[in-house]
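Take this sequence and fold it.
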Amino acid sequence: MNVDVENLWCGAWLGPCRLTARGGRLVSLRRRTPTDGHADLEIPGVVFAGLRDAHVHLGLVDARALFAGGLAVVHDLGSSPTVLAPFVDAAVRDGLPEVSFAGQFLTVPGGYPTDRWWAAADSVCIVEGPQEAAAAVDVQILAGATFVKVMLNSVAGPVFDDATLEVLVGAAHARDRLVVVHAEGPGQALRAFESGADLLAHTPWTEPLPEELLAAMARSMRWVSTLDIHGRGGEFDVAADNLRRFCAAGGVVVYGTDQGNGPQPVGVNPRELTALLGAGLDRESVLESIAVPWPAGSATRLAWTPGPPPAEDEDWASWLAETRNLDTAQIKERFG
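Sure, this is the predicted structure:
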C-alpha cells in the first residue's frame with residue numbers, strides 16, 4: 001500500500017512524501033517525485049515519526065492517556081519497579097507509548113523525595129555512601145533502566161557528597177547508561193555538571209547560572225525543559241532565562257513536562273511548547289526537541305497533525321498538541 005503525505009517532518013521539513021506499508025508495517029519513506037503514480041491513500045496535514053516527552057512519571061499518570069494525547073515515546077524519570085515492569089519488554093503494544101526509564105530515584109537517607117506523598121516507598125533507592133553506589137546503579141540496570149536518576153535537591157533535605165556522586169556517575173557510565181540529575185538548590189546544577197552527568201531533569205530554576213557555566217554545560221549536557229511546572233513569574237522567569245542563555249550558547253534542550261507533577265494537559269502540553277518558543281527557541285528547534293527520528297527500519301505507526309502549521313505561536317503550539325498516533329489500520333480507516 002502506497003500512502004502519500006502532504007508534508008513530513010524528519011529532522012527537517014521534507015514536504016510531500018510517499019510511505020509504503022506492507023504487512024501492517026511502514027517499510028519505506030521517500031520524497032514524492034513527479035513520476036510517482038497514484039497512491040492508495042493520501043494523508044493531508046503533517047506527519048511525524050512520533051513525539052516524545054523526556055520526563056514523565058508513569059506512577060502518577062496513565063501511559064495510555066499519554067499515548068492517546070499524542071506521545072509515541074516517553075522517558076520515565078522515577079517510578080516504582082512494579083509500575084515499570086510491564087514496559088521492560090521493548091515490543092510496541094497497542095495504545096501504549098514506547099517507554100525508556102530510569103528506575104528508582106537514587107537519594108540519601110532522608111533526602112528528596114523520601115518525604116513526598118507521591119513517591120511510593122519502592123520508587124526510592126537509598127544509597128548511604130560510595131560503598132553502596134555501584135550496587136544501586138546495578139539494581140536499576142538489572143530492572144531494565146536506560147538512565148540512572150540521581151537526586152540533588154538541597155532545598156528539600158540532604159544530598160549526596162562528592163565521593164558518592166562520583167561513584168554513582170562513574171558506575172552508570174561504565175555500564176553505558178546516561179545519568180539524569182534533579183538539581184535543585186544553590187550550587188547543585190554546578191555539582192551535576194562537575195560530576196559528569198549527561199542530562200538535567202529540569203531546566204535550573206533556583207538561581208541564575210553564570211555565563212561561563214552555561215557555556216561549559218552547553219558543550220557536554222542536555223537539559224529537559226519542564227518550564228510549565230512553574231506556572232508563570234518567579235521560578236518560571238529564572239528557568240526561562242537560564243534556558244534562553246543555555247540555548248544561545250549552543251546547548252541542546254529536549255521537550256519534557258514532568259507529567260504527573262501538578263495539573264497539566266495529559267499528552268502533548270501546548271503550554272510547554274509556548275514556553276519554549278518564548279524562551280527563544282524557533283519552531284524547528286522545538287520540533288527537534290520533541291520529534292523522534294524516523295526509524296532506520298520499519299515502523300508500525302506514525303504521528304499525524306491535521307492541517308498546515310498556523311502562523312501565530314500560540315496557535316502553532318495548540319496545533320502541534322493535536323498530534324495523534326495512528327497505526328496502519330487506523331490510517332486505512334481514517335483516510336481510506
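
mind listing the helices for the protein?
Secondary structure of the chain (DSSP state H): helices at 63-68, 81-84, 130-142, 162-174, 188-195, 211-220, 235-248, 270-278, 283-290, 313-320, 328-335.

highest average neighbour count across those helices?
helix 270-278 (a mean of 22; mean count of other CB atoms under 10 Å). C-beta here means a position set from N, CA and C on the backbone, and glycine is covered the same way.

pull the CA atoms of that helix into PDB?
Extracted as PDB, the C-alpha positions of helix 270-278 are listed here (Å, rounded to 0.1, in the frame of the first residue of the first chain):
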ATOM      1  CA  PRO A 270       0.800  23.300  24.400                       C
ATOM      2  CA  ARG A 271       1.900  25.500  27.400                       C
ATOM      3  CA  GLU A 272       5.300  23.800  27.500                       C
ATOM      4  CA  LEU A 273       5.600  24.400  23.700                       C
ATOM      5  CA  THR A 274       4.600  28.000  24.000                       C
ATOM      6  CA  ALA A 275       7.100  28.500  26.900                       C
ATOM      7  CA  LEU A 276       9.900  27.000  24.700                       C
ATOM      8  CA  LEU A 277       9.100  29.500  22.000                       C
ATOM      9  CA  GLY A 278       9.000  32.300  24.500                       C
END
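
Can you check what angle separates it from helix 283-290?
In terms of direction (axes from the mean of the first three to the mean of the last three CA atoms, to 10 degrees), helix 270-278 departs from helix 283-290 by 130 degrees.

who are the neighbours in contact with the residue nearest to Pro81 when sequence neighbours are not counted?
Among residues not flanking Pro81 along the chain, Ala143 sits closest, at 5.5 Å (CB to CB, 6 or more residues apart in numbering). By CB atoms under 8 Å, 6 or more residues apart in numbering, Ala143 lies in contact with 81, 84-85, 88, 103.

separation between Ala143 and Arg222?
23 Å (CB to CB, to the nearest Å).

show me the contacts for the closest residue in space to Ala215 that isn't next to it in sequence.
In this structure, Ala215 finds its nearest non-sequential neighbour in Ala249, 4.6 Å apart by CB to CB, 6+ apart. Counting by CB under 8 Å, 6+ apart, Ala249 touches 211, 214-215, 217-218.
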